[in-house]
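>>> Sequence unavailable; structure follows:
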C-alpha cells in the first residue's frame, strides 16, 4: 500500500477538502483505501460532500498523526466509481463502513476513485514526496 494511504489509515481520521461554490470546504472522514494505485473514499448519496465531489472532483486529504508533528497532504481528482468489485474491496478494507451500508450493492453507497496528483509526508526529518 502507498505510504501516504497507510499514514491516513494509521491516523484513523483525516480531513477531506472539497470545492463548494469556489471555496474550500472540509470535513472529517474515516475511511480510505488504495486499490490498483488509486485512493478510494466513500460518500452516501444526497450528502453535500457527494454533490460537491460530483460537481468538482478537486480534493485534498490531510491528516496529522496524534501525538506527533507528522502530517500528510494528498491532492488529487475524484470521480465516482460504479465497480461493484471495488465497492466490495472498500467494505472489506474499511469495515467501519458496514455500520452505514449492509452491502456493496446498497443504493446509497457510492465510492470515488482519487487519482493522486501530489502526495507529501511531512515528518521531523523533512518533506517526503510519496
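Done, it's in. Keep in mind that this is a model prediction, so the values were computed, not measured. Numbers count the residues shown, from 1 in each chain.

>>> What pairs with the lengthiest strand in the chain, parallel or antiparallel?
Counting by DSSP state E, the longest strand found in the chain is strand 109-123. Using DSSP bridges, the strands paired with strand 109-123 are strand 38-44 (antiparallel), strand 71-81 (antiparallel), strand 126-129 (antiparallel).

>>> looking at those, which is buried most?
A comparison of these by mean neighbour count, using mean count of other CB atoms under 10 Å, puts strand 38-44 on top with a mean of 21. Placement of C-beta: from N, CA and C, glycine included.

>>> Give the next helix or strand downstream of it.
Using DSSP states H and E, the next helix or strand after strand 38-44 towards the C-terminus is helix 48-55.

>>> Can you name the residues in contact with the helix or strand that that following helix is followed by?
Helices and strands here follow DSSP H and E; after helix 48-55, the next one along the chain is strand 58-64. The contact list for strand 58-64, computed with CB atoms under 8 Å, 6 or more residues apart in numbering, reads 7-8, 11, 13-19, 26, 29, 32, 39, 41, 53, 70-78, 114.

>>> Where does pLDDT dip in this protein?
1, 130 (pLDDT under 70).

>>> can you rerun that using 80?
Along the chain, segments meeting pLDDT under 80 span 1, 126-130.

>>> now the strands paired with strand 109-123 in CSV, with distance to residue 90?
Listed next are the strands paired with strand 109-123 as CSV, based on distance: least, CB to CB, whole Å:
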stretch, distance to residue 90
strand 38-44, 5
strand 71-81, 9
strand 126-129, 26
